[in-house]
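Asker: Dropping a prediction and its sequence here:
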Amino acid sequence: MTFYDFATATVRTISRLVWRTRVHGLENIPLHGPLIIACNHVSNIDPPVMGCWVPRRLSYMAKKELFAIPGLGALITALGAYPVDRHGSATAAIKRSVEILRAQGCVGIFPEGGRNVTGDREARAGVALLASLGKAPVVPACIVGSDRAVRLHRIDVVFGPPIALPADRKATRDDLAAFTEQIMAAIAALAKEYGRRTD
């Protein structure tokens, strides 16, 4: 068992015991080929709780400030995370993401660029750009309940059907903008459906 496998198994156990986590739509995640998983982000526990359920190795783009925290930086690096400068150039992070996708890997990203607790943060076009450069479909994902994790609220992790840019031509700026909206609409639909479910 690799360290990654051990870590994800541990987080899965904790999430089940502490937050009674339920997972929906795992069948929507392709097990092979380049893939991006785009998820909402309302809590600091979202990356590990969502990532531990993905049935393939997931590499995260994470804010560079996390890598300066003693212990945490080494841990998330060992788990495949790589830094992005949210206030400067994201060129290095984009290049690393494309390398992973071209190697048939899976990248996790939060399109809003950080936690969106109030819901007023606009999505960035980065996820659509990566999908175009890496020729990868996008699985929209949603975490419901993590904003109330401190109160031990149940958490639902939901994966929707993959969506993709047109494969027969190069994506235009308008294509990328429309695809970003499509991704965010899919995430919002998952949040609306599972946010009101009590079963």
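Answerer: Happy to help now that I have it.
Asker: Buried residues, the longest helix anywhere in the chain. List them.
Answerer: When the chain is parsed with DSSP state H, its longest helix is helix 173-195. Within helix 173-195, the residues scored as buried using 16 or more other C-beta atoms under 10 Å are 176, 179, 180, 182, 183, 184, 186, 187, 190, 191, 194. All C-beta atoms are positioned from the backbone trio N, CA, C, and that covers glycine.
Asker: Over to stretch 39-56?
Answerer: Neighbour-count burial for stretch 39-56 flags 39-43, 45-54 (criterion: 16+ other C-beta under 10 Å).
Asker: which ones are touching residue 85?
Answerer: Residues in contact with residue 85 (C-beta atoms under 8 Å, 6 or more residues apart in numbering) are 64, 92, 93.
Asker: By neighbour count, which of those wins?
Answerer: The residue in the contacts of residue 85 with the most neighbours, by other C-beta atoms under 10 Å, is residue 93 (21 neighbours).
Asker: In terms of helices and strands, where is that residue?
Answerer: According to DSSP states H and E, residue 93 maps onto helix 91-102.
Asker: Quick check: closest non-adjacent residue to residue 160.
Answerer: Computed as C-beta to C-beta, 6 or more residues apart in numbering, the closest residue to residue 160 that is not its neighbour in sequence is residue 140, at 4.3 Å.
Asker: just to revisit the earlier point, which one among the buried residues of stretch 39-56 gets closest to residue 151?
Answerer: Taking C-beta to C-beta as the measure, residue 151 lies nearest residue 43 of these, at 11.8 Å.
Asker: Distance-wise, check the closest one relative to residue 93.
Answerer: Residue 43 is 22 Å from residue 93, where distance means C-beta to C-beta, to the nearest Å.
Asker: returning to that earlier point: for the helix holding residue 93, enumerate the helices and strands it packs against.
Answerer: Applying 3 or more C-beta pairs under 8 Å, 6 or more residues apart in numbering; DSSP states H and E, one finds that helix 91-102 makes contact with strand 58-63, strand 82-84, strand 106-109, helix 126-133.
Asker: quick revisit: got the angle between the longest helix of the chain and helix 126-133?
Answerer: Per axes from the mean of the first three to the mean of the last three C-alpha atoms, to 10 degrees, the angle that helix 173-195 makes with helix 126-133 is 120 degrees.
Asker: hmm, back to that, where's the residue nearest to residue 160 relative to residue 79, distance?
Answerer: 23 Å.
Asker: List the contacts of the residue nearest to residue 160.
Answerer: 38, 39, 159, 160, 163, 183, 186, 187, 190.
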